[in-house]
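Trainee: A predicted structure for the sequence below; I have some questions about it.
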Amino acid sequence: MRGAALFFSGLVIGLGVHVVMAQGAGTRVEMANHIGVNVPNVAEAVAYYSTKMGFKEAFRVNDTSGQPRVVYMQISRNTFLELQPATTQRGPGFTHYGLVVSSAAAAVDAFRKLGLTVTDVTKSDTKANLANVTDPYIGRIELVEITPESLHAKAIAGWK
């Protein structure tokens, strides 16, 4: 348990440093929003984070066979843990962290002007606008523009 606490503490501190640096670069980063993790068994992970950690399931997206493709566990009003099933191509463990931006297109432009590798913006099946920055230390940083119709916005609005 101590190891998990240290891991999450380190991630939060690292996210904070990246957010401050990104804000200074004019990238319109508003806040850290989620941490992505691949898990061997999504149902067991959801049960663990619900019963042991007290997180609530915010939303999920299933694949065509009805199996969970992604499950967001809500830690606080604006903070989530994103769970995805591990596969042979994507092993278990940390995959990325997400930063909320006011405009994904503007953030992509700003990061590209800084010389970073950034994907084009896409609309996800959660109805958020997403892009990904390649980070040489962590791997992937997801830029998330939370649109009013997104599952993220609905979970944040429903927080109690």
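Mentor: Nice, I can see it.
Trainee: and the next helix or strand past the longest strand along the chain?
Mentor: Secondary structure of the chain per DSSP state E: the longest strand is strand 29-39. Where DSSP states H and E defines the elements, the next helix or strand beyond strand 29-39 is helix 42-51.
Trainee: in that next one, which residues are buried?
Mentor: Buried residues in helix 42-51, counted by 16 or more other CB atoms under 10 Å: 42, 45-46, 49. For every residue, glycine as well, the C-beta is placed using N, CA and C.
Trainee: going by distance to Arg90, which of those wins?
Mentor: Val42 (12.9 Å; CB to CB).
Trainee: what about Pro68, how many residues close to it?
Mentor: Neighbour count for Pro68, taken as other CB atoms under 10 Å: 17.
Trainee: for it, give the beta-bridge partners.
Mentor: Asn62 (DSSP bridges).
Trainee: what's the separation between it and Ala43?
Mentor: Pro68 sits 8 Å away from Ala43, taking CB to CB, to the nearest Å as the criterion.
Trainee: one more: Ala131?
Mentor: 30 Å.
Trainee: which stretches of this protein have low pLDDT?
Mentor: Residues of the chain meeting the criterion pLDDT under 70: 1-26.
Trainee: which residues touch Pro92?
Mentor: 37-40, 86 (CB atoms under 8 Å, 6 or more residues apart in numbering).
Trainee: show me where the chain has its strands.
Mentor: Applying DSSP E to the chain gives strands spanning 29-39, 56-62, 68-76, 79-85, 93-101, 122-123, 129-135, 139-145.
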